[in-house]
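**Q** Give me the fold of what follows.
(chains A and B)
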Amino acid sequence: MKSHIWRPLYVVLGIVVLILVARQFLVPRSFGMHERGYMYGWYREANVEEWKKYPMSYRSEEYCKDCHNDKYTMIMQTPHAIIQCENCHGPAKEHPSDPPKLEINRTREQCLRCHFPLPYPSSGRANIRGIDPEKHNPGIECAMCHNPHKPTLEGMK
Amino acid sequence: MITRRDFILNTVKGVAGLALPLTAFEILSPNKLLAAKGDSSKVRWAFLVDTFKCVGCGFCVKACKLENGVPLDANVTRTWVERYVLVKDGRVFADNPKGALNGFTTSKIDLGVGNFHDIKKEDIEKAFFVPKLCNHCENPPCVQVCPVGATYQTPDGVVLVDRTWCIGCGYCIMACPYGVRFFHPVYKVADKCTFCYHRITKGLKTACVQACPFGARMIGNIRDPNDPISKIIRTERVGVLKDEYGTRPQVYYRGITREVI
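**A** Prediction:
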């Protein structure tokens, strides 16, 4: 048979071989169809390990309590014991090496997250004591008078 | 004319043919079926939200964003808290300003585009907060639509996104009936709640569960009969969101009503 018929076929075959070879290099070994079959099963298995290695920022009060034992024991006697240190002090990460100092959130808005009164039935919010931020000493930080680690009246500054 | 040989042969065939459907359609109990499925995984992560306990402080949203590198000021979040206020005349108001990153510090409902609606205390019939996050569905529609296999379900039931593989087409964002996926403004890929996979696989709680002062959020292994959350899901009245979609969501809610969507 004449070569002008075969030539395009060789080109097509060449492209197919090229794609198959490129695929060998580009598709990672762990990519494939896993437990859930065609509909849900395609993924790169190595990515699961990559997500496990994601760095952690929040360390919980267990991380704080040994060095800052005075503050920890103080707050544990109060209703504020349920609040994690890092909710106001920010994520500890590798403190004290990185960051050496944590930035404390002392804003009125921080306290109002819970202490703005919302009388919502069937929500725990209705049981928390609140203040009207427009009438109760507007403009100054709550921590000027109230000790967040000892919010009772005898803890008042 | 039928011979004796044919008659016996046909009888045997007929009986065997009748017996076949009976064995094929044996009624299996769901428990037996579940055991027979031979699921190798002993862990299936599930989440429980107690809407009675949630006060809408939004510490969970802030902790999630800082833990998982979602910019605080960007209008996207992996978890958020919705406020529902049901008024006596039957109207339902719902809002979640900035995903409740800074909690709810006003009684005015954010109607959007700068409009607010204040509701008098006497008019409120029911009002509560509902935290939302990825449901890590057993049948995740987002995984089904991904054209490149970048989003997937781990053997322990968590739906993750492969950031090196995602092309950012946004099909999954459209496919999710719960609207939990978004386009990450920094990595330029689809992003979503991972159940803090880096934390739960080390035996820790997720950042949101840890930050919640009121115990409104819980995470656990639903396959472990002694796990606190699997106990609650088995013995108490819990619901899921948009059950009718058949996605089998694995975030369970205590105390939601039909107004919650």
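**Q** What ranges does chain A have for its helices?
**A** A:3-26, A:37-40, A:46-52, A:61-64, A:69-76, A:85-89, A:108-115 (DSSP state H).
**Q** and if you look at chain B?
**A** Going by DSSP H, chain B shows helices at B:4-24, B:30-36, B:59-68, B:141-145, B:171-175, B:197-200, B:207-211, B:228-235.
**Q** distance of B:Pro155 from A:Asp66?
**A** 37 Å (C-beta to C-beta, to the nearest Å). Glycine gets a C-beta too; all of them are placed from N, C-alpha and C.
**Q** residues contacting B:His78?
**A** Small correction: residue B:78 is Arg, not His. Going by C-beta atoms under 8 Å, 6 or more residues apart in numbering or on different chains, B:Arg78 touches B:64-65, B:68, B:70, B:133-134, B:180, B:191-194.
**Q** and if we set it to 6 Å?
**A** B:64, B:193 (C-beta atoms under 6 Å, 6 or more residues apart in numbering or on different chains).
**Q** Could you do B:Asp118 as well?
**A** Neighbours of B:Asp118 in contact, by C-beta under 6 Å, 6+ apart: B:Lys108.
**Q** mind checking pLDDT for it?
**A** pLDDT, B:Asp118: 92.
**Q** what does B:Lys13 give?
**A** Confidence for B:Lys13, expressed as pLDDT, is 93.
**Q** more neighbours, B:Pro155 and A:Asp66?
**A** B:Pro155 (16 against 8; other C-beta atoms under 10 Å in any protein chain shown).
**Q** wait, doesn't the more buried one sit right on B:Ser41?
**A** Yes - here B:Pro155 reaches B:Ser41: they are 4.6 Å apart, a contact under C-beta atoms under 6 Å.
**Q** And B:Ala16, what's its pLDDT?
**A** pLDDT at B:Ala16 comes out at 89.
**Q** Same question for the one 10 residues further on.
**A** On the pLDDT scale, B:Glu26 is placed at 65.
**Q** Then B:Arg234?
**A** pLDDT, B:Arg234: 91.
**Q** again, but for the one 10 residues further on
**A** With respect to pLDDT, B:Glu244 has a value of 94.
**Q** And it, how far from B:Tyr252?
**A** 16 Å.
**Q** Looking at those two, which one has more neighbours?
**A** Per other C-beta under 10 Å, whichever of B:Glu244 and B:Tyr252 has more neighbours is B:Tyr252, with 23 against 6.
**Q** Can you report how many residues lie near the closest residue to the more buried one other than its chain neighbours?
**A** Among residues not flanking B:Tyr252 along the chain, B:Val238 sits closest, at 4.3 Å (C-beta to C-beta, 6 or more residues apart in numbering or on different chains). Using other C-beta under 10 Å, B:Val238 has 18 neighbouring residues.
**Q** Check what pLDDT B:Val238 gets.
**A** For B:Val238, pLDDT reads 95.
**Q** do B:Phe104 as well
**A** B:Phe104 is given a pLDDT of 95.
**Q** OK, contacts around it?
**A** With contacts defined as C-beta under 6 Å, 6+ apart, B:Phe104 is in contact with B:56, B:83.
**Q** in the chain, what spans have low per-residue confidence?
**A** As the question left the chain open, I've gone with chain A. For chain A, residues meeting the criterion pLDDT under 70 lie at A:1.
**Q** Please refer instead to chain B.
**A** Ranges of chain B meeting pLDDT under 70: B:22-40.
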